[in-house]
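Visitor: okay, here's the prediction I keep looking at, along with the sequence it came from:
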Amino acid sequence: MSRALPILTVLAGIVVIWYAAAVWMNSTWVYDQAERAGTTVSFAEMVPQTMTQDRPLLPPPHQVGAELWKGLFGQAVTSKRSLVYHGYVTFKGTMMGFALGIIVGVALAMSIVRFRVMDMSVMPWAIISQTIPIVALAPMIIVVSSQLGLTGRDVPKAIIAAYLSFFPVLVSMVKGLRSPDQMQLDLLRTYGASEAATFLKLRLPASMPYFFASLKVAIAASLVGTIVGELPTGAIEGLGARMLIGSQFGEPLIMWAALFAAAILAGLLIVTVGLLEGMARRRMGVPA
Amino acid sequence: MTALWVAVAVWLGAWALNVALAGSALARRPFGRLLVPLIFGATVLVLWEGLVRGLGVAPVILPAPSVIAAKIAVELPTLWADFAQTILKGAIPGFLIGAGAAFVVAVAIDRSPFLQRGLLPVGNFVAALPIVGLAPILVMWFGFDWQSKAAVVVVMVFFPILVNMVAGLQASERMQRDLMATWGASYWQSLWKLRLPAAMPFIFNGLKIASTLALIGAIVAEFFGSPIYGMGFRISTEVGRLGLDMVWATIAVAALAGSALYGLITLIERWVTFWHPSQRH
Amino acid sequence: MKDTLNAHQPVIEAKGLQLVFQTADGPVQALKDVDLTINRGDFVSFIGPSGCGKTTFLRAIAALEHPTGGTLTVNGMTPDEARRKRAYGYVFQAAGLYPWRTISGNIRLPLEIMGFSKAEQDQRVDRVLDLVELSGFGKKFPWQLSGGMQQRASIARALAFDADILLMDEPFGALDEIVRDRLNEEVLKLWARTGKTIGFVTHSIPEAVYLSTKIVVMSPRPGRITDIIDSPLPKDRPLDIRDSREFIEIAHRVREGLRAGHQDD
Amino acid sequence: MKDTLNAHQPVIEAKGLQLVFQTADGPVQALKDVDLTINRGDFVSFIGPSGCGKTTFLRAIAALEHPTGGTLTVNGMTPDEARRKRAYGYVFQAAGLYPWRTISGNIRLPLEIMGFSKAEQDQRVDRVLDLVELSGFGKKFPWQLSGGMQQRASIARALAFDADILLMDEPFGALDEIVRDRLNEEVLKLWARTGKTIGFVTHSIPEAVYLSTKIVVMSPRPGRITDIIDSPLPKDRPLDIRDSREFIEIAHRVREGLRAGHQDD
Amino acid sequence: EDVTLQLKWVTQAQFAGYYVAQAKGFYEEEGLNVTILPGGPDIAPTQVIAGGGADVMVDWMPAALAAREKGLPLVNIAQPFASSGMMLTCLAETGIKTPADFADKTLGVWFFGNEYPFLSWMATLGLATDGSPGGVTVLKQGFNVDPLLQKQAACISTMTYNEYWQVIDAGITPEQLVTFKYEDQGVATLEDGLYVLEDRLADPAFAETMVKFVRASMKGWKYAEANSDEAAMIVLENDQTGAQTENHQKRMMGEIAKLTAGSNGALDVAAAERTVATLLAGGSDPVITKAPEGAWTSAITDAALAN
Ligand SMILES: Nc1ncnc2c1ncn2[C@@H]1O[C@H](COP(=O)(O)OP(=O)(O)OP(=O)(O)O)[C@@H](O)[C@H]1O
Ligand SMILES: Nc1ncnc2c1ncn2[C@@H]1O[C@H](COP(=O)(O)OP(=O)(O)OP(=O)(O)O)[C@@H](O)[C@H]1O
Ligand SMILES: Cc1ncc(C[n+]2csc(CCO)c2C)c(N)n1
Ligand SMILES: [Mg+2]
Ligand SMILES: [Mg+2]
């Protein structure tokens, strides 16, 4: 409870500000319409009209909430109109990208820590890779992967998600694998430990806190990547596709609902990773 | 096919050279630290060129680096105008505004653990909002020109910097804070003289992450509406026109600008946090 | 300074002091029924096994912890008031210098905070640098100095603003015996010269005996005072006083007191 | 173990040992012309001011640093060969337990690396836990133990695999006097029981005198040996031997040696 | 035989003919197994077909001709859309009554290969598009009509079958709008046609497959034209996002039917030549620089319509 209260308070504050902003932003349209119709509206008449527009500039919370509710619970979860279904599609993509990102990130980190030449040549380019807008590469990733015979849309989506999520893992793992101090390393040297033993018994366990800390960032990045990837892969399904269609067909509420569904999914994923982290930390003897 | 084998040979040779360089004394000097990644980058380009030529990849799918370089040379004025629009008007002001706002908010909520515990989880949440969902909304609100791009950037960089700032403000050691207390220092005195300097390594960490986000944000936002120049406009338009050489030319500019921004922040970091153990070895 | 004359006037008075920390595993009684009076100009050492509450008591005096029972007054005020009147110089176990400031800058910091004029700051920094034999090192950064030098800088910092009460928490823990001896001598000289009231935590029996007019032996679980030994040694103490019969006797008494506190381990 | 009989056979021999570190500010001569022979079963303490090269010398013996001049042999081999033969148990100043392993897990670590069988591992862990009086704490994590207990665990870890040579770098630096006394007694007992050759770094003169058969006094800039004192104390040493005349004399000689090394400060 | 069709945009009634052909089994009757790939904002059909990701694609003729000039030998094999649905929709309140009034106004345009008709038109009107005074200011409009509703642009590009109705739905009456159809301005260019790569067409087996494909597709289109509501529902079933509405698709299908009316699939060469002429008329910066050769063939439709 003591953890929820501050969050609820902040959320309440946001809702209040949001309503105020909704009235303010949507009023333009109300006044414009009145002017086109040659009538005038008073403030008191205007306010209710800002709450129910089909194409609000900023839909008030209850409109988004209602649309979200309808999307989540208004039909069977297997229906293509269900946000649960599309959320699941996005979730699947996210997990594939996440797994790929972890594998690539960890593998690169291991070779960077092991080989100086990898550190010197690859690390700067890993940073540069993140300055390239992935959306620019997306179409090429699709075409190239279809040329390689991967016609499904899952693989390119996962590649795009992994492109964003490998980086935090890489950076943290490099830090983590290098976190053992000289004394801890020297200890193993006095035992005449092999390099493999040093890695397994010292570097890897020492990197775990860094690893888990990076997972929260990486899973959020992977989700963003998946949603980005859902546009150029044909905008067939998934939350990204719903956002696009909502925008394209003048249904901002569909877009807002998809956006919030994505945020909820992000929240769930981050919390799940946090729980896993907690479990792992307890197993590794970290004080609560 | 020969082009491919030549490229592979060059790749192997350059890699061997890099292995030797990385092991040599040169690797410890700034020149060597620059040289090795540059050689690596060059070999990637050679391999790319070899692949494209050797396998006869269509230029509308992946142009060769030489073609891209030629395009850059011809299109410099356009590339510059795009750069000015997207980076100078969109990314950098957005970055500065976002960082400034994060700074102010961090200091404002610093005294309230309650607000922090409320705001930071919500912040994490917002930070995970996909930019492709936000961008159309912000374009709708702030118009087509750079203002909406700057707004996207503000939203994207705000939370990473805020989270790091808040963590940084708590980074001073208890003993260091207790010292301030024994001297009867006021809140602002201990903020300026202790907690901000101690927070600097964290703040720069946040700024570095935010710098790449700023670039991506400004470019992607242009996909959802823009004037007819700008790097995002160029990329999205030229893909549709099969002008892949121009797309890659713009990507090259983006990578260059991103690295420069990142490098600049790293330099300032080195200058400001000279005292931090990570900066001296 | 003004009241240096009326020595033996109580400066710090603790009566039935209690301090309980609320932790996740339940309450920890760090201090229990502590009664102690420290007079102006006293040099009081606190000695006792790890976790017996030495640090906690010093921190309570400096208003860094708040007692949960009993009374504690400093110059007749609450510790918090005394803190705001800038009554304390505090030296922590680790030097705790701010790495982004030079040695001078570190020493100047409390002076800036207390609003001394620029000229006054310069003059005081020079004076205390001299006092701890660090003249010429003012422009260095902390990490450019050895541990012992850092520790001396942190003492200089606590001396710069002439607080009446100097609290030192194991200031020489990290130093080797020779450097330690030398700093011990210097602290004594300084104390003689300034007439400050000093509270000093240490793990070393000889150090406690050598320095103090009063040795407080503490024991843990819960932290309490088991013995208070008033030293009969003269104020003027050459280093070889440590080979004297009196010295060895006091040391013995302290050791016995400590051993008693350890019995329940 | 096999050679316990032929004591007084040289185990570690240094001749004209030099060790220069190349640093950004130029070379640092950490060891200069060090000549020292350590025999099987010796208990050798190294004492000297901070930075005089004690740690460096110990690390050179364990092949953690490589001398830049002179010769150094361990059991007639190079230190590196001896390391691969697992000749060393090394105890660092801080306990250096791996926080993600339990106490047992930490002690088991060298055994795993050296390929002992599971059963053998269990048996040895139990034995050394018993030896340092930590039976029952095997399942705890390091942070659940006090500093002294952690230090004992790290000694147990170094003992588990029965290396001939035990190197200890200020193992009790962080402990209070009482705990330290107790551990000193225990190290002595252990040494007597196992006949190991021990190299021991300390800052404390009484500790050095109490423990050693040979005390090596070092002085800095550049690090060199200024005095080697063979202790006439008997092998069996109750704690109160420290009040004996002989003890105080050796201590005095060590102090003088140290002071001489400090003169150039 | 497997055929992969790459659409130019997301699943909607604009592509009803193909979905109908599939749903009604027309492809199956021809022995074809057709995969329909929807497009999206980042999918350039020309790039997909160049990369071998599709056998045949739907695109506008200007984009196909521009790609041909870039070295991608696309050939039009059929033209289901007889007329153009593109127009510029303006707010009356901006005072725009004729194209002459565009000067110094802000106009929203789609890019990504959809900008060619607009650029040609402006060139014909003699209006500069680089923002210089006396010309027009061009915005790259996103996927929706917001720029008009928010008055960020005086006019935006709309399709008769989609965006125009969204403006109306948003609450703006037709009287408050002024529209300029490209068709009426004499600058119409051919829209959705079917394109394949020239070298593949040389393979008689592939050509034969395309004949079957075009025949079935046109059958689908004619069915859709005649059964507009049913066709819309078929499209709706194929929309996997579940975000499309019946309302939208039925209305879109109604409008699409007007554009496909009169086409049996065979390309009207006159219309194609008019398109080329329009594109060549770009003044200093024409969309294409010379009249293409072999950019369309009637061989497929001739064979398809023969029996
Ligand atoms: N902030 C705190 N929260 C909870 N318990 C605390 C806190 N600070 C100290 N304690 C507990 O209070 C007791 C006394 O601690 P204190 O630091 O005063 O011991 P000490 O005598 O200074 O020991 P040492 O010689 O190891 O420095 C210990 O049991 C300690 O664990
Ligand atoms: N890796 C290194 N690189 C450069 N100089 C070093 C290195 N290790 C030690 N030194 C220097 O060598 C000298 C001896 O250091 P060493 O650690 O052996 O001293 P010590 O006697 O153990 O001191 P202390 O009592 O403080 O532990 C010092 O001047 C130190 O600065
Ligand atoms: C990036 C991009 N933006 C807009 C369109 C718009 N567009 C062109 S044709 C068409 C079909 C009619 O609805 C639509 C919407 C696009 N294709 N690509
Ligand atoms: Mg303490
Ligand atoms: Mg040392």
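Guide: Great, that's in hand. Numbers count the residues shown, from 1 in each chain, chains lettered A, B, ... in the order given. Ligands and ions are numbered 1, 2, ... in the order given.
Visitor: from what I can see C:Arg180 touches C:Phe172, true?
Guide: Yes. C:Arg180 is within contact range of C:Phe172, at 4.7 Å (criterion: C-beta atoms under 8 Å). Glycine gets a C-beta too; all of them are placed from N, C-alpha and C.
Visitor: higher neighbour count, these two?
Guide: More neighbours surround C:Phe172 than the other of C:Arg180 and C:Phe172, with 26 against 21 (other C-beta atoms under 10 Å in any protein chain shown).
Visitor: overlap of the contact sets of C:Arg180 and C:Phe172?
Guide: Common contact partners of C:Arg180 and C:Phe172 (C-beta atoms under 8 Å, 6 or more residues apart in numbering or on different chains): C:Glu207.
Visitor: in which helix or strand would I find the residue nearest to A:Val171 when sequence neighbours are not counted?
Guide: Distances taken as C-beta to C-beta, 6 or more residues apart in numbering or on different chains put A:Ser214 closest to A:Val171, at 7.1 Å, once the chain neighbours are dropped. In this structure, A:Ser214 sits in helix A:204-229 according to DSSP states H and E.
Visitor: so which elements touch that helix?
Guide: Applying 3 or more C-beta pairs under 8 Å, 6 or more residues apart in numbering or on different chains; DSSP states H and E, one finds that helix A:204-229 contacts helix A:83-114, helix A:134-147, helix A:154-177, helix A:239-248, helix A:252-283, helix B:113-127, helix B:131-142.
Visitor: does the fourth one reach chain B?
Guide: So that's helix A:239-248. Yes. Applying C-beta under 8 Å from any C-beta of the partner chain, one finds helix A:239-248 touching chain B at A:Leu239, A:Gly240, A:Met243, A:Leu244, A:Ser247.
Visitor: cool, and the fifth one?
Guide: Yes. In this structure, helix A:252-283 sits against chain B according to C-beta under 8 Å from any C-beta; the contacting residues are A:Met255, A:Ala258, A:Leu259, A:Ala262, A:Ala263, A:Ala266, A:Gly267, A:Ile270.
Visitor: show me where pLDDT drops low in the chain?
Guide: With no chain named, the answer covers chain A. Within chain A, the ranges that satisfy pLDDT under 70 run A:1-2, A:150-152, A:232-235, A:286-288.
Visitor: chain E, not that one
Guide: E:282-285, E:307.
Visitor: could you do the stretch 51-200 of chain C as well?
Guide: The model of the stretch 51-200 of chain C has pLDDT under 70 over residues C:174.
Visitor: need the helices for the stretch 101-250 of chain C, in chain order.
Guide: Applying DSSP state H, counting those that start in this stretch to the stretch 101-250 of chain C gives helices spanning C:103-113, C:118-131, C:147-159, C:177-194, C:205-211, C:245-262.
Visitor: okay if I get those as a markdown table plus distance to E:Gly262?
Guide: A markdown table is the format used below for these (distance: least, C-beta to C-beta, whole Å):
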| stretch | distance to E:Gly262 |
| --- | --- |
| helix C:103-113 | 87 |
| helix C:118-131 | 92 |
| helix C:147-159 | 92 |
| helix C:177-194 | 102 |
| helix C:205-211 | 107 |
| helix C:245-262 | 105 |
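Visitor: so which of those helices is nearest ligand 3?
Guide: helix C:103-113 (57.7 Å; C-beta to the nearest ligand atom).
Visitor: what helices or strands is that closest one leaning on?
Guide: Using 3+ C-beta pairs under 8 Å, 6+ apart: helix C:103-113 touches helix C:118-131, helix C:147-159.
Visitor: for it, buried residues please.
Guide: Judged by neighbour count using 16 or more other C-beta atoms under 10 Å in any protein chain shown, the buried positions of helix C:103-113 are C:Ile103, C:Ser104, C:Gly105, C:Asn106, C:Ile107, C:Arg108, C:Leu109, C:Pro110, C:Leu111, C:Glu112, C:Ile113.
Visitor: and the chain, what are its domains?
Guide: By default, I'm working from chain A. Per the record, chain A has its domains at A:3-58, A:83-284, by the TED database.
Visitor: looking at chain C here, not the other one
Guide: C:4-87+C:164-264, C:95-162 (automatic domain parsing).
Visitor: distance from the chain centre to the shortest one, please.
Guide: The one in question is domain C:95-162. Remark: domain C:95-162 is offset 18 Å from the chain centroid, using C-alpha atoms, centre = their mean, to the nearest Å.
Visitor: one more: stretch B:67-75?
Guide: Taking C-alpha atoms, centre = their mean, one finds stretch B:67-75 lying 24 Å from the centre of the chain it belongs to.
Visitor: average pLDDT across that stretch?
Guide: Stretch B:67-75 carries an average pLDDT of 93.
Visitor: run through who's touching it.
Guide: B:Pro59, B:Pro63, B:Leu79, B:Asp245, B:Met246, B:Trp248, B:Ala249, B:Ala252, B:Val253.
Visitor: list the buried residues for that stretch?
Guide: Applying 16+ other C-beta under 10 Å to stretch B:67-75 flags B:Val67, B:Ile68, B:Ala69, B:Lys71, B:Ile72, B:Glu75 as buried.
Visitor: tell me how far A:Ser42 lies from A:Gln53.
Guide: Per C-beta to C-beta, to the nearest Å, A:Ser42 is found 18 Å from A:Gln53.
Visitor: whoops, I mixed them up, C:Ile198
Guide: Counting by C-beta to C-beta - C:Ile198 and A:Gln53 are separated by 74 Å.
Visitor: looking at those two, which one has more neighbours?
Guide: The residue with more neighbours, out of C:Ile198 and A:Gln53, is C:Ile198; 24 against 21, by other C-beta under 10 Å.
Visitor: surely that one touches C:Arg40?
Guide: No. With contacts defined as C-beta under 8 Å, C:Ile198 does not count as touching C:Arg40, sitting 10.9 Å away.
Visitor: report the contact partners of the residue of chain E found nearest chain D.
Guide: Residue nearest to chain D within chain E (C-beta to the nearest C-beta): E:Asp42, separated by 45.0 Å. Shown in contact with E:Asp42 (C-beta under 8 Å, 6+ apart): A:Val135, A:Ala138, A:Pro139, A:Ile142, A:Leu231, A:Pro232, B:Ser236, B:Val239.
Visitor: from what I see, the fourth one and A:Pro156 are in contact.
Guide: Yes. A:Ile142 is within contact range of A:Pro156, at 4.8 Å (criterion: C-beta under 8 Å).
Visitor: so those two - more neighbours on which side?
Guide: A:Ile142 (29 against 24).
Visitor: for A:Met51, what are its contacts?
Guide: Contacts of A:Met51 by C-beta under 8 Å, 6+ apart are A:Ala22, A:Val23, A:Asn26, A:Pro60, A:His62, A:Gln63.
Visitor: now residue 97. Nearest residue, chain neighbours left out?
Guide: Reading this off chain A. A:Ala161 (2.3 Å).
Visitor: chain E was what I was after
Guide: E:Lys97 sits nearest to E:Val178 (C-beta to C-beta, 6+ apart), 6.5 Å away.
Visitor: same deal with E:Lys219?
Guide: Once flanking residues are discounted, E:Lys219 sits nearest to E:Phe26: 4.7 Å by C-beta to C-beta, 6+ apart.
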